[in-house]
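Peer 1: Pasting the sequence and the predicted model now:
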Amino acid sequence: MLLQVLGTAAGGGLPQWNCACPGCAGARAHPERRRRHASLAVRADEGSWYLVNATPDLGEQIEESHELRPGPGPRDTPLAGVVLTDAELDHTLGIARLREADGFEILATPPVRTALLEGLRLGVTLAPYTRVTWRELGSEPQPLSPGGTIETAAVPVSAKRPRYAAVTPTACGDSTGSGAPTGSGDPTGPGWVVALRLRDTATGRTLVYAPALAAWTEGFQYAVEDADCVIVDGTFWDDEEPVRTGISSRTATGMGHLPIDGPHGTAHRLAALGTRCLYTHLNNTNPLTDPAAPQHDRLAEWGLGVAADRMVIEL
């Protein structure tokens, strides 16, 4: 199994265009600290790749990866499709940048597909430009491409909706109304945010990718115990970080992200796995965005690390 880390930053990237926090200022002063939006690319078959999430940086991420660049023909592209872990804007806005393609596939859970088609109206928007084929992403493993050895499956980890699909009263005051897409289903049900389990049936090697993790569920524990590599939500270092830095009145867990350190942290759980574990989806307030931060030493003590943009992983 061959994978490429295309980005490791949370929403807004690093630096974020309207932010002068120490993390963003540091990335402007030291370009090597810059991080693109969190995304992954997996080779489904020879000459066929799928993106895990389609970020606003999609075009630049493709250009920075030799394997994803077009050729040899003028319009030949190895990009076959996108697998979505959620419907958040920072993981889906890049879909619109694929409009020049003759066609591509999107794998998504039913709530995510409904949010994109009814909330963002991506189907109507893209129809005049390209052909989009939708495939349901579920808990049962399925091959990414026909005849390929890479299987994918979803592990539900959160019922958190993106803001544009949040349940709200209607403008006319009907308390039973909803500002969410009409077919989006149970607002507390599974499928809004999933971890992705990728397995190579030829080798038995497995990777779990979870850029957003609101709860450490039994299903997630089972998935990571069986994995050879885990790339997981590292948005915030500790639970109070959003409040302490002034970016939110809610804690990390209140925002739908388990922190790395502390009683609610994921570090001790990941360290217990004894496998390769990397953090991704770093917010600009996270001290790990500074290579000299002492938190890197803490991670090393636990046997953990931070994923890097353009990192290649072969399992």
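Peer 2: Perfect, I can see it now.
Peer 1: pLDDT below threshold where in the stretch 101-250 of the chain?
Peer 2: Applying pLDDT under 70 to the stretch 101-250 of the chain picks out residues 167-190.
Peer 1: hmm, try it at 90
Peer 2: Along the stretch 101-250 of the chain, segments meeting pLDDT under 90 span 146-147, 166-190.
Peer 1: ok, which stretches of it are helices?
Peer 2: With helices called from DSSP state H, counting those that start in this stretch, the stretch 101-250 of the chain shows them at 110-114, 122-126, 218-225, 241-244.
Peer 1: for the closest residue to H257 other than its chain neighbours, what are its contacts?
Peer 2: Spatial nearest neighbour of H257, excluding adjacent residues (Cβ to Cβ, 6 or more residues apart in numbering): T235 at 4.1 Å. In short, each C-beta sits where N, CA and C put it, glycine included. T235 is in contact with 10, 212, 252, 255, 257, 259, 281-283, 286, counting by Cβ atoms under 8 Å, 6 or more residues apart in numbering.
Peer 1: Could you rerun that using 10 Å?
Peer 2: Contacts for T235 (Cβ atoms under 10 Å, 6 or more residues apart in numbering) come out as 9-11, 38, 211-213, 241-242, 252, 255-260, 279-283, 285-286.
Peer 1: okay, the helices of the stretch 101-250 of the chain, which one's buried deepest?
Peer 2: Counting by mean count of other Cβ atoms under 10 Å, helix 110-114 has the highest mean neighbour count of the helices of the stretch 101-250 of the chain, with a mean of 23.
Peer 1: tell me which strands and helices that helix is in contact with?
Peer 2: strand 103-108, strand 131-136, strand 193-200 (3 or more Cβ pairs under 10 Å, 6 or more residues apart in numbering; DSSP states H and E).
Peer 1: quick one on the thing from earlier: redo the helices of the stretch 101-250 of the chain as CSV? Include distance to A272.
Peer 2: Putting these into CSV (distance: least, Cβ to Cβ, whole Å) gives the following:
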stretch, distance to A272
helix 110-114, 31
helix 122-126, 40
helix 218-225, 10
helix 241-244, 23
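Peer 1: Nearest to L137 among those would be which one?
Peer 2: Among the helices of the stretch 101-250 of the chain, helix 110-114 comes nearest to L137, with 7.9 Å by Cβ to Cβ.
Peer 1: Distance check, the residue nearest to the spatial centre of the chain against L144.
Peer 2: Central residue check for the chain by Cα atoms, centre = their mean: the C-alpha nearest the mean position is that of P211, 4.3 Å away. Here P211 is placed at a distance of 18 Å from L144 (Cβ to Cβ, to the nearest Å).
Peer 1: now swap in G256 and tell me
Peer 2: Remark: distance between G256 and L144 (Cβ to Cβ) = 27 Å.
Peer 1: do the same with A9
Peer 2: Counting by Cβ to Cβ, the gap from A9 to L144 is 25 Å.
Peer 1: what about those two, which has more around it?
Peer 2: Legend: neighbour count by other Cβ atoms under 10 Å for A9 and L144, higher for A9 (29 against 23).
Peer 1: Report the contact partners of that one.
Peer 2: Per Cβ under 10 Å, 6+ apart, neighbours of A9: 15-16, 23, 27, 34-39, 55, 57, 90, 235, 280-284, 286, 289, 309.
Peer 1: Could you count how many residues lie near P259?
Peer 2: P259 is flanked by 24 other residues according to other Cβ under 10 Å.
Peer 1: again with E67
Peer 2: If we define neighbours as other Cβ under 10 Å, then E67 has 14 of them.
Peer 1: tell me the phi and psi of it?
Peer 2: In terms of degrees, to the nearest 10, the main-chain angles of E67 are phi -70, psi -30.
Peer 1: need the contact list for it.
Peer 2: Listed by Cβ under 10 Å, 6+ apart, the contact partners of E67 are 2, 4, 41, 43, 47, 49, 78-79, 312.
Peer 1: likewise L98?
Peer 2: Applying Cβ under 10 Å, 6+ apart, the residues near L98 are 51, 54, 58-59, 62, 77, 79, 81-82, 104, 106, 126, 129-130, 132.
Peer 1: dump the residue contacts of the residue nearest to the centre of the chain.
Peer 2: Applying Cβ under 10 Å, 6+ apart, one finds that P211 lies in contact with 7-8, 10, 37-40, 52-53, 85-86, 88, 90-91, 193, 195-196, 231-235, 257, 279-281, 307.
Peer 1: Looking at those residues, which are in helices?
Peer 2: Among the contacts of P211, the ones falling in helices (DSSP state H) are 90-91.
Peer 1: From the contacts of P211, keep the buried residues only.
Peer 2: 7-8, 10, 37-40, 52-53, 85-86, 88, 90-91, 193, 195-196, 231-235, 257, 279-281, 307 (16 or more other Cβ atoms under 10 Å).
Peer 1: Give me the subset of those lying in strands.
Peer 2: Members of the buried ones among the contacts of P211 lying in strands (criterion: DSSP state E): 7, 39-40, 52, 193, 195-196, 231-233, 279-280.
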